[in-house]
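Student: One predicted model, sequence on top.
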Amino acid sequence: MLRLVIDTDPGVDDAHAIMMALAHPGVQVEALTTVAGNVSLDHTTANACKILDVMGKDIPVFAGAPRALVARKPYADNVHGQDGLGNCGWPASPRQVETEHAALALIRLANENPGQLTLVAIGPLTNLSLAVSLEPELPGKYRELVIMGGAIRGLGNTTPSAEFNTHADPEAAAIVFEAWPKFTLVSWETTVAHPFGPEKVEAMLAMDSPRAEFFRQITANTLTFLQQITGQRILFGADFLALAAAIEPGIIQEASQQFVDVELKGEKTYGQTVVDWYGRLGRQPNALLVEKMDSARLWELMQMALR
């Protein structure tokens, strides 16, 4: 049984990803830690609780950083709605959030379960940067770190060259990339290369279950946004891909080991993920960059999440 801790900023695609992880028979989610990103911390934390309600799971939720380390960045409420779940008005959860800060929870969970937990970060890396700054030995205590973030070829979705999660807290990403000797990275370009096309979107919308109803309500705003941008009724699953890579590594079909850093000074490139494709910096690779995944298996996992 794969044991996961998911650091997240729900977020519509976060919700899709977490639903899949909670539905997967080979996964035990130990905790959700929340961070501000797609929307405010209050909303991301409330949304994590709503997702657990829909899935019928009793898992602790730990609220973390309410803002980036240095500069506050705009939310992505144009994509996710002001509440983070498409402004669908889903009922508030009665469950109580843990009082322990998410960064401290990340440290404690690793200390209590050394080498046993996989950490999947699908939001800005603020909580992870705080945790590893407090406990520099933290990377060695997690079994693996998988991150959704970065535009590895400079094709950004927030600025011309930067992806949202990394751009939302570049300083935090730089700290984590430096501290973790090895991690897996699922980028924005990889996300765009693996869309759920119009036929699959219609199939998802036609599914008949309480989970599918939640999916329909929270995803409507995102589908409208993406259709305006792409001209197609498609869905990107950025966070979904990252969790799929963590849960079923065999789903990865093409990947390479590279050194990755974050640009913190550029006027037009601030927050860009910089990949040293040709080894010019002389640094050892720190990231497994996922570029191709099994689309058929991704579709099976999405259907499993909504049944």
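Tutor: Here it is on my side, so go on. What you are looking at is a predicted structure, and each value in this text was computed from that prediction instead of being measured.
Student: Tell me how far residue 93 lies from residue 63.
Tutor: For residue 93, the distance to residue 63 (Cβ to Cβ, to the nearest Å) stands at 13 Å. Any C-beta I mention is one placed from the backbone N, CA and C, and that applies to glycine too.
Student: more neighbours, those two?
Tutor: Counted by other Cβ atoms under 10 Å, residue 93 and residue 63 do not tie: residue 63 has more neighbours, with 24 against 18.
Student: Tell me what that one is bridged to.
Tutor: residue 34 (DSSP bridges).
Student: now it: how far from residue 186?
Tutor: In terms of Cβ to Cβ, residue 63 sits 25 Å off from residue 186.
Student: How about residue 61?
Tutor: 23 Å.
Student: now residue 235, nearest residue through space, not along the chain?
Tutor: Excluding its sequence neighbours, the residue lying closest to residue 235 (Cβ to Cβ, 6 or more residues apart in numbering) is residue 196, at 4.4 Å.
Student: and that neighbour, how many neighbours does it have?
Tutor: Neighbourhood size, residue 196 [other Cβ under 10 Å]: 20.
Student: so it makes contact with residue 204?
Tutor: Yes - using Cβ atoms under 8 Å, residue 196 makes contact with residue 204 at a distance of 7.2 Å.
Student: quick one: common contacting residues for the two?
Tutor: 235, 302 (Cβ atoms under 8 Å, 6 or more residues apart in numbering).
Student: need the helices for the chain, in chain order.
Tutor: 12-23, 41-55, 77-80, 102-112, 126-134, 164-168, 170-179, 188-192, 198-206, 210-230, 238-247, 295-306 (DSSP state H).
Student: Against residue 89, how distant is the residue nearest to the spatial centre of the chain?
Tutor: Taking Cα atoms, centre = their mean, the centroid of the chain lies closest to residue 122, which sits 1.5 Å from it. In this structure, residue 122 and residue 89 are 24 Å apart, going by Cβ to Cβ.
Student: And for residue 196?
Tutor: Residue 196 is 25 Å from residue 89, by Cβ to Cβ.
Student: and residue 154, what are its phi and psi?
Tutor: Residue 154 adopts backbone torsions of phi 80, psi 20, taken as degrees, to the nearest 10.
Student: if I pick it, what's in contact with it?
Tutor: 160-161, 272 are the contacts of residue 154 under Cβ under 8 Å, 6+ apart.
Student: looking at the chain, which helix or strand does the model trust least?
Tutor: None of the helices or strands of the chain scores lower by mean pLDDT, DSSP states H and E than helix 77-80, at a mean of 90.
Student: Just give me the neighbour total for the nearest residue to residue 287 once chain neighbours are set aside.
Tutor: For residue 287, ignoring the flanking residues on the chain, the nearest one in space by Cβ to Cβ, 6+ apart is residue 260 at 4.3 Å. Neighbourhood size, residue 260 [other Cβ under 10 Å]: 24.
Student: What of residue 293?
Tutor: 22.
Student: Just give the nearest non-adjacent residue to it, would you?
Tutor: Using Cβ to Cβ, 6+ apart and skipping the chain neighbours, the partner closest in space to residue 293 is residue 251 (5.2 Å).
Student: can you pull the buried residues of stretch 176-193?
Tutor: Residues of stretch 176-193 classed as buried: 176-177, 179-180, 183-191 (neighbour count, 16 or more other Cβ atoms under 10 Å).
Student: Now do it, average pLDDT.
Tutor: The average pLDDT within stretch 176-193 is 98.
Student: For that stretch, what is the spacing between the initial and final residues?
Tutor: Start-to-end span of stretch 176-193 (Cα to Cα, to the nearest Å) is 26 Å.
Student: hmm, back to that, with distance to residue 281 added, can I get the helices of the chain in a markdown table?
Tutor: Formatted as a markdown table, the helices of the chain follow (distance: least, Cβ to Cβ, whole Å):
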| stretch | distance to residue 281 |
| --- | --- |
| helix 12-23 | 32 |
| helix 41-55 | 34 |
| helix 77-80 | 34 |
| helix 102-112 | 29 |
| helix 126-134 | 21 |
| helix 164-168 | 18 |
| helix 170-179 | 13 |
| helix 188-192 | 21 |
| helix 198-206 | 40 |
| helix 210-230 | 34 |
| helix 238-247 | 25 |
| helix 295-306 | 33 |
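Student: Distance check, the residue lying closest to residue 255 once chain neighbours are set aside against residue 188.
Tutor: The shortest distance from residue 255 to any residue other than its chain neighbours is 4.8 Å, reached at residue 290 (Cβ to Cβ, 6+ apart). Per Cβ to Cβ, residue 290 is found 12 Å from residue 188.
Student: show me what contacts the closest residue in space to residue 41 that isn't next to it in sequence?
Tutor: Closest residue to residue 41 apart from its sequence neighbours, by Cβ to Cβ, 6+ apart: residue 66 at 4.2 Å. Counting by Cβ under 8 Å, 6+ apart, residue 66 touches 36, 40-41.
Student: Nice, that's everything, thank you.
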